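1. Take this sequence and fold it.
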Amino acid sequence: MSAGVVVRAADIARRVAGPGASLRFLIETGNGAPGLVRRLADLAPGGRIEGRSVDADELWFVLGGAGELEAGGQPAVPLHPDRGVLIPSGMAFAVRAAGGAGLRLDMVALPAAPGAAGLAPAGTGPAVSDFADAEIETTGDRQFRVLFGPGKGCPVATQFVGEIPPGRAPDHSHPYDEVVLILQGEGIAHIGGAEHPLAAGTCAHLPPGLLHCLENTGSAMMRVLGVFHPADSPAAKLEQRG
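-> As a prediction, this is how the structure comes out:
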């Protein structure tokens, strides 16, 4: 079983991604096999990124700023904070930051399905889901909102935003492969018996079955953005034996 990994976005080198734009590759979970790939895109005002979601869907989340997305020959999609975006596989896209503001995007490519290849079907466009419109769900003393998942536009993976109150919950594990990005707050990630400091911009990979807990050591809510595959509920936990 993989021991997982914790990285800080500030420690990852930027790669030029287009005029006034850069990418940082935070997590790649596959170890040579298809897996989740999390990137952080930063665009200066007026910056632009062009690309294609090769052979797997991508789940994006707007972390800050403003801009627009052109994809699939459909009308431009406005990008604003707390908006989730699903880019179908095989779709060419162009992202542009607004002239008066930069733009920051979390971009997670899902594992490619066996034999997947080619272009997105004609007439297909990106889908959007806003945090404010997502249903509030609870597990214990924690709340989360699923932006994409089964019955919500993405049958193969789940994207959610969760809130963790001050304190520590019991260690647990999940049946899915997950990457988590800290949006705000501070704490400690207890992962496989090790401790890692958490702050905004910290990203963790939590493989299936790995015991972990995200402890909020601050006085305010910790806010996290998670994407996992295969799809399930953020509340799903494996039974611990011992």
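2. Only C-alpha atoms from now on, for both contacts and neighbour counts.
-> Noted.
3. which regions of this protein lie under the pLDDT threshold?
-> Along the chain, the parts satisfying pLDDT under 70 run over 1-2, 32, 113-123, 239-242.
4. Domain boundaries for it, per the record?
-> Split into domains by automatic domain parsing, the chain comes to 12-113, 132-229.
5. Out of the ones you listed, flag the one nearest Ala3.
-> domain 132-229 (6.5 Å; Cα to Cα).
6. Kindly reformat the domains of the chain as JSON lines containing distance to Gly4 and mean neighbour count.
-> As requested, these are arranged in JSON lines below (distance: least, Cα to Cα, whole Å; neighbours: other Cα atoms under 10 Å):
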{"stretch": "domain 12-113", "distance to Gly4": "9", "mean neighbour count": "20"}
{"stretch": "domain 132-229", "distance to Gly4": "5", "mean neighbour count": "19"}
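7. could the ones you listed go into CSV alongside distance to Leu238?
-> As requested, the domains of the chain are exported to CSV (distance: least, Cα to Cα, whole Å):
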stretch, distance to Leu238
domain 12-113, 20
domain 132-229, 5
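8. how about these, which one is nearest Thr124?
-> Each of these was scored for nearness to Thr124 using Cα to Cα, and the closest is domain 12-113 (5.9 Å).
9. can you pull the contacts of the residue lying closest to Ala10 once chain neighbours are set aside?
-> In this structure, Ala10 finds its nearest non-sequential neighbour in Gly201, 7.3 Å apart by Cα to Cα, 6 or more residues apart in numbering. Residues near Gly201 by Cα atoms under 8 Å, 6 or more residues apart in numbering: 8-10, 181-183.
10. Quick one: closest of the domains of the chain to Lys237.
-> Minimum separation from Lys237 across those (Cα to Cα) falls at domain 132-229, 4.6 Å.
11. re earlier: can I get the contacts of Gly201 in JSON lines including secondary structure and distance to Pro197?
-> Shown next, in JSON lines, are the contacts of Gly201 (DSSP: H, G, I helix; E, B strand; the rest coil; distance: Cα to Cα, whole Å):
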{"residue": "Arg8", "secondary structure": "strand", "distance to Pro197": "10"}
{"residue": "Ala9", "secondary structure": "helix", "distance to Pro197": "13"}
{"residue": "Ala10", "secondary structure": "helix", "distance to Pro197": "14"}
{"residue": "Leu181", "secondary structure": "strand", "distance to Pro197": "13"}
{"residue": "Ile182", "secondary structure": "strand", "distance to Pro197": "11"}
{"residue": "Leu183", "secondary structure": "strand", "distance to Pro197": "14"}
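12. how about those in CSV, adding distance to Ala101?
-> What follows is the contacts of Gly201, written out as CSV (distance: Cα to Cα, whole Å):
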residue, distance to Ala101
Arg8, 24
Ala9, 21
Ala10, 21
Leu181, 23
Ile182, 22
Leu183, 19
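13. Would you mind writing the CA trace of whichever strand or helix holds Leu105 as PDB?
-> Assigned by DSSP states H and E, Leu105 belongs to strand 103-109. What follows is strand 103-109 as a C-alpha-only set of coordinates in PDB (Å, rounded to 0.1, in the frame of the first residue of the first chain):
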ATOM      1  CA  LEU A 103      -7.100  33.600 -12.100                       C
ATOM      2  CA  ARG A 104      -6.100  30.500 -10.100                       C
ATOM      3  CA  LEU A 105      -7.500  27.100 -11.000                       C
ATOM      4  CA  ASP A 106      -7.200  23.700  -9.400                       C
ATOM      5  CA  MET A 107      -7.200  21.100 -12.300                       C
ATOM      6  CA  VAL A 108      -7.500  17.400 -11.600                       C
ATOM      7  CA  ALA A 109      -7.200  14.900 -14.500                       C
END
